[in-house]
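1. sequence-free structure coming up:
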DNA sequence: GCCTAGGTCCCGTGC
DNA sequence: GCACGGGGCCTAGGC
């Protein structure tokens, strides 16, 4: 039995002490990893049987369950989060049952030998970002203007005018002057006001028709209406495609991408 | 350092010995679990950043990678099987890079603290059996066509036509050409569209009347109406009878499933 | 390599 | 609650 500030370990535990350790871990909402020899039955939307073998069982703090074989990206059996557990020890077999209530589904794991039990309390407050920055969206659109709109032609970017900088300035497919305001996340009314300001400024100096486009992956409630009132457009931006464009151009330029 | 016949464990290892253990584990095609404090960068089809926190890194013997946070069914970052690795130790940071060659993608995991390293050789030869899959329903209907409809005669299955594959193709009791689309769960509008697509394709090539049947245990709201509009039929599938049919033919013993 | 389709898909979003 | 679409979907099967 080893112990750190975060982790308790049991090596080659007998099934009795395993039962205790698992029950304690579950009641304390810890994450648990069991490595051992087991077989599995699943009953629910479908049914499955997994014959005996050595696997890794991972029970997370939120009640999700994963059973992993030594190969393959996917767990062979699993249960999504928020399931509850029953632990029992019958005839030298430790039985862990994970039950989902919403969808009537149960997963039964039978262990006859455990090699290692790890019970952890992991502290993980880090944010996860699946994204590209506003600069990268800009770069992606400049590289591949179709990401904004078919046949768009950029003229300049970060163009300085009186009220500030225009993200992208160009011509649409009909040759109309166009101001593009980019937002990385869900665009709100502030973005619309910013765009309207630039469009007005350009219209004043150019004294010819000017289009305004709000480019963002999403817009907030009511923004569509506001845009319509001000006669501005919204173009949905596909962040994934932007990421691909940026990554690709970067990778071809910078050798040591990998 | 503890050791069983299958498993090597390092508790609170320093980064130097971690580097050695991981390199050895990889070269011997073992499965490796790392528990520690890390941050992650992913670059490929999309891009992501995961800020520092305590997680579990799981590298499988086939070169698949999973990074799990303390909650959630899915790994926060991952790499499918067959990727290769680079391990380096720079400025008190252990960097594990997992690279996919087919799709140009890289995953970088940076550890500044490791709590536990587990290196395993898991022996897992057990077979996995999944029942009540779409394939099984298909097999059941082919074996006993009455499960679909009285006097139905299958001609072929997985028949390739222009838009895709027809699950079952046959003749109904009146000898009319029939396309069957099978769904294992509750069939939605997507299934109807799929069916309609195949029926149209067959009608074009056969230039005679063609029936379309959606075969599923249940259908979603509005699907019945959609089918009626498109002049397609629905046949409710009894999963229990399908399972029995397949069980009998395969002579596998799956008692009290239902 | 591309395309097609299934999945115990899971998961978010909108109704 | 149900229905629908997206995912770094993954994976298997054809061509």
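-> Done, it's in. All values reported here derive from a predicted model rather than from experimental measurement. Numbering: from 1, shown residues only, chains lettered A, B, ... in the order given.
2. which residue ranges form the strands in the stretch 151-258 of chain A?
-> A:153-161, A:164-171, A:177-182, A:186-187, A:210-216, A:218-219, A:233-236 (DSSP state E, counting those that start in this stretch).
3. need those in CSV with mean pLDDT, mean neighbour count and distance to DNA strand D, can you?
-> Using the backbone N, CA and C atoms, a C-beta is placed for each residue, glycine as well. Output for those, formatted as CSV (pLDDT from 0 to 100; neighbours: other Cβ atoms under 10 Å in any protein chain shown; distance: least, Cβ to the nearest atom of the strand, whole Å):
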stretch, mean pLDDT, mean neighbour count, distance to DNA strand D
strand A:153-161, 89, 13, 25
strand A:164-171, 90, 19, 23
strand A:177-182, 92, 24, 18
strand A:186-187, 74, 18, 15
strand A:210-216, 91, 23, 15
strand A:218-219, 76, 16, 12
strand A:233-236, 87, 16, 10
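4. Helices of the stretch 1-150 of chain A, residue ranges please.
-> For the stretch 1-150 of chain A, the helices defined by DSSP state H, counting those that start in this stretch occupy A:15-27, A:134-143.
5. I'd like those helices laid out as a markdown table, including mean pLDDT and mean neighbour count.
-> Formatted as a markdown table, the helices of the stretch 1-150 of chain A follow (pLDDT from 0 to 100; neighbours: other Cβ atoms under 10 Å in any protein chain shown):
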| stretch | mean pLDDT | mean neighbour count |
| --- | --- | --- |
| helix A:15-27 | 97 | 17 |
| helix A:134-143 | 84 | 20 |
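6. I'd like to know how far residue A:42 sits from DNA strand D.
-> Using Cβ to the nearest atom of the strand, to the nearest Å, we find residue A:42 at a distance of 17 Å from DNA strand D.
7. The residue nearest to that residue when sequence neighbours are not counted - how many residues pack around it?
-> Using Cβ to Cβ, 6 or more residues apart in numbering or on different chains and skipping residues adjacent in sequence, the residue nearest residue A:42 is residue A:48, 4.4 Å away. Residues within reach of residue A:48, counting by other Cβ atoms under 10 Å in any protein chain shown, total 18.
8. Isn't residue A:48 up against residue B:126?
-> No: counting by Cβ atoms under 8 Å, residue A:48 sits too far from residue B:126 to count as a contact (11.7 Å).
9. I'd like the strands of the stretch 151-258 of chain A written out as CSV, with distance to DNA strand C added.
-> Shown next, in CSV, are the strands of the stretch 151-258 of chain A (distance: least, Cβ to the nearest atom of the strand, whole Å):
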stretch, distance to DNA strand C
strand A:153-161, 28
strand A:164-171, 24
strand A:177-182, 20
strand A:186-187, 9
strand A:210-216, 13
strand A:218-219, 8
strand A:233-236, 13
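10. how about the ones you listed in JSON lines, adding distance to residue B:132?
-> Below are the strands of the stretch 151-258 of chain A laid out as JSON lines (distance: least, Cβ to Cβ, whole Å):
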{"stretch": "strand A:153-161", "distance to residue B:132": "54"}
{"stretch": "strand A:164-171", "distance to residue B:132": "53"}
{"stretch": "strand A:177-182", "distance to residue B:132": "48"}
{"stretch": "strand A:186-187", "distance to residue B:132": "41"}
{"stretch": "strand A:210-216", "distance to residue B:132": "44"}
{"stretch": "strand A:218-219", "distance to residue B:132": "38"}
{"stretch": "strand A:233-236", "distance to residue B:132": "39"}
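11. how about those, which one is nearest residue B:174?
-> With Cβ to Cβ, the closest approach to residue B:174 among these belongs to strand A:233-236: 49.3 Å.
12. mind listing what the closest one pairs with, with the direction of each?
-> strand A:210-216 (parallel) (DSSP bridges).
13. Tell me what angle the longest strand seen in chain A forms with helix A:15-27.
-> Scanning chain A for the strand with the most residues, using DSSP state E, yields strand A:105-120. Relative orientation of strand A:105-120 and helix A:15-27, computed by axes from the mean of the first three to the mean of the last three Cα atoms, to 10 degrees: 90 degrees.
14. Would you tell me whether strand A:105-120 gets close to DNA strand D?
-> No: figure legend: strand A:105-120 not in contact with DNA strand D (Cβ under 7 Å from any atom of the strand); closest approach 13.9 Å.
15. Off-centre distance for that strand?
-> Distance, stretch centre to chain centre, for strand A:105-120: 28 Å (Cα atoms, centre = their mean, to the nearest Å).
16. how about that strand: buried residues?
-> A:105, A:107-111, A:113-120 (16 or more other Cβ atoms under 10 Å in any protein chain shown).
17. list the contacts for residue A:186?
-> Contact analysis of residue A:186 by Cβ atoms under 8 Å, 6 or more residues apart in numbering or on different chains lists A:216, A:217, A:218, A:219, A:220.
18. Over to residue A:29?
-> For residue A:29, the contact set (Cβ under 8 Å, 6+ apart) comprises residue A:61.
19. Report how many residues lie close to residue A:94.
-> Other residues lying near residue A:94 total 24 when counted by other Cβ under 10 Å.
20. one step back: let's have the helices of the stretch 1-150 of chain A in CSV, adding distance to residue B:155.
-> Below are the helices of the stretch 1-150 of chain A laid out as CSV (distance: least, Cβ to Cβ, whole Å):
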stretch, distance to residue B:155
helix A:15-27, 54
helix A:134-143, 50
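21. Out of those, which gets nearest to chain B?
-> With Cβ to the nearest Cβ, the closest approach to chain B among these belongs to helix A:134-143: 8.4 Å.
22. just to revisit the earlier point, switch the buried residues of strand A:105-120 over to a markdown table; also include pLDDT.
-> Output for the buried residues of strand A:105-120, formatted as a markdown table (pLDDT from 0 to 100):
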| residue | pLDDT |
| --- | --- |
| A:105 | 96 |
| A:107 | 98 |
| A:108 | 98 |
| A:109 | 98 |
| A:110 | 98 |
| A:111 | 98 |
| A:113 | 97 |
| A:114 | 98 |
| A:115 | 97 |
| A:116 | 98 |
| A:117 | 98 |
| A:118 | 98 |
| A:119 | 98 |
| A:120 | 97 |
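23. and which of the residues you listed is nearest to DNA strand D?
-> Taking Cβ to the nearest atom of the strand as the measure, DNA strand D lies nearest residue A:105 of the buried residues of strand A:105-120, at 13.9 Å.
24. Give the bridge partners for that closest one, please.
-> residue A:100.
25. and it, what is it in contact with?
-> By Cβ under 8 Å, 6+ apart, the neighbours of residue A:105 are A:42, A:43, A:44, A:45, A:79, A:99.
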